[in-house]
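1. Need the 3D shape of this:
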Amino acid sequence: MEPKNLAKASVAGIVDQLGAIVGRAPHYMPAVGEPGTYGVMTTPDAAPGFAAMNPAGSKWENRVAARIALHVGTYRPGRAAAKIAGPVLFCICDNDTLTPADTAAKYAARVPKGEVKRYPVGHFEIYIGEPFEQAVSDQTEFLVRHLLG
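-> Model (predicted):
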């Protein structure tokens, strides 16, 4: 996110968080935008990726509570990966612009019972078409193997 948009998102996040404390309705910001615009996800593939996932007539609204901006920069779920005792399947998109594949693979390697499947697609491509079908097949196989033995 560009510095001016990061500052705008931070102010919006503070306003929203303070409003939540006193019971106000959320203050929203765009979830997705074109590069250089104001939004949570503004990578080159974000807006077209979301558009591809939302069929005509979708009721999805391009907005999130702005308070998310106070946490997204420090959100690092992989830091606790080594503490996960159960089996975990990591579906890593090699061309991901939001969640870098190398970082995800590094964290996945720390999970004792972690398994990795890699896909030659971007962050949003795994949710549609053949990449989606392959990921769902891999996830189903993982769940059947671990839940049904």
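
2. What segments of this structure are strands?
-> 28-29, 64-65, 88-93, 114-119 (DSSP state E).

3. Of all these, which one is nearest Ser10?
-> Smallest distance to Ser10 across the strands of the chain (CB to CB): 10.6 Å, for strand 28-29. Bear in mind the C-beta positions are built from the backbone N, C-alpha and C, glycine included.

4. Who does the closest one pair with, and is each partner parallel or antiparallel?
-> strand 64-65 (antiparallel) (DSSP bridges).

5. Quick check: mean pLDDT of the strand it pairs with?
-> Averaged across strand 64-65, the pLDDT comes to 94.

6. which other residues reach it?
-> The contact list for strand 64-65 (CB atoms under 8 Å, 6 or more residues apart in numbering) reads 16, 20, 26-31, 40.

7. how about these, which pair is most distant?
-> Ala20 and Pro30 (18.8 Å).

8. higher neighbour count, these two?
-> Pro30 (19 against 15; other CB atoms under 10 Å).

9. Now do the same contact list for the more buried one.
-> Counted by CB under 8 Å, 6+ apart, Pro30 has contacts 37-40, 62-64.

10. Now for Gly13: which residues touch it?
-> Counting by CB under 8 Å, 6+ apart, the residues that Gly13 touches are 66-70.

11. Quick check: chain neighbours aside, which residue is closest to it?
-> Ala69 (3.7 Å; CB to CB, 6 or more residues apart in numbering).

12. show me what contacts that neighbour?
-> Applying CB under 8 Å, 6+ apart, the residues near Ala69 are 9-10, 12-13, 29, 40.

13. Between which two of these is the distance greatest?
-> Ser10 and Val40 (12.2 Å).

14. Let me know how buried Gly36 is, in neighbour terms.
-> When neighbours are defined as other CB under 10 Å, Gly36 has 11 of them.

15. likewise Val144?
-> 10.

16. got a pLDDT number for it?
-> The model's pLDDT for Val144 equals 97.

17. now it: how far from Val111?
-> Going from Val144 to Val111 by CB to CB, to the nearest Å gives 20 Å.
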